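Trainee: When you get a sec, could you give me coordinates for this:
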Amino acid sequence: MKIYLAHPISFSNFAAVRGYFARAKNDLYLYDVYYPMIAKGYLREEKDFKPSGYKQAISCDHAIIERDYWMVSISDVVFLNFSEAERVSIGCMMELAWAYQLRKHTVVVMPAGNIHIHSFVKEAADIIFETYEEAIEYLVKLIEKSF
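Mentor: Numbers count the residues shown, from 1 in each chain. Predicted coordinates for the structure are as follows:
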């Protein structure tokens, strides 16, 4: 089963973003995991990811949207984690909208008071958990088909 990991990237640094995706990938090792930073190690010097304007083939504006859409489209589950978001993530909003339109199972982490609390997010998400740990526990049980 394939899972796409969505998490805010803009305005964060490479180490933090890499750390999050490594942790989530490890926690969801039973899945075939996709995420936006695959094959983007060349960005390791980035101290503050920009939301637009990269010139590399894999990171130019068009490549980002096309590749992320493709990864969402081939996934069975889309996991969006907003737990540490300090700003609204436009990229994650697009990924959630694509997942909703493509009828993917969407699992969202969104604590009380989160900046992403909006009727569109609440209605597009299949399941909303307040903590990362609750969501991971559910996703592991889902793939293991356990209680």
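
Trainee: how far away is residue 72 from residue 46?
Mentor: Counting by C-beta to C-beta, to the nearest Å, the gap from residue 72 to residue 46 is 23 Å. In short, each C-beta sits where N, CA and C put it, glycine included.

Trainee: between these two, which one's more packed in?
Mentor: residue 72 (22 against 17; other C-beta atoms under 10 Å).

Trainee: Excluding covalently adjacent residues, which one is nearest to the more buried one?
Mentor: What sits nearest to residue 72 in space, not counting adjacent residues and going by C-beta to C-beta, 6 or more residues apart in numbering, is residue 98, at 4.7 Å.

Trainee: Could you tell me which residues make contact with the one you found?
Mentor: Taking C-beta atoms under 8 Å, 6 or more residues apart in numbering, we find residue 98 in contact with 69, 72-73, 104.

Trainee: what ranges do the helices span in this structure?
Mentor: 14-27, 61-74, 90-101, 119-124, 132-144 (DSSP state H).

Trainee: Output those in a markdown table; the columns should cover distance to residue 84 and mean pLDDT.
Mentor: Supplementary listing: those in a markdown table, determined by distance: least, C-beta to C-beta, whole Å; pLDDT from 0 to 100:
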| stretch | distance to residue 84 | mean pLDDT |
| --- | --- | --- |
| helix 14-27 | 8 | 97 |
| helix 61-74 | 20 | 98 |
| helix 90-101 | 12 | 98 |
| helix 119-124 | 16 | 98 |
| helix 132-144 | 9 | 98 |
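
Trainee: Right, I'll leave it there.
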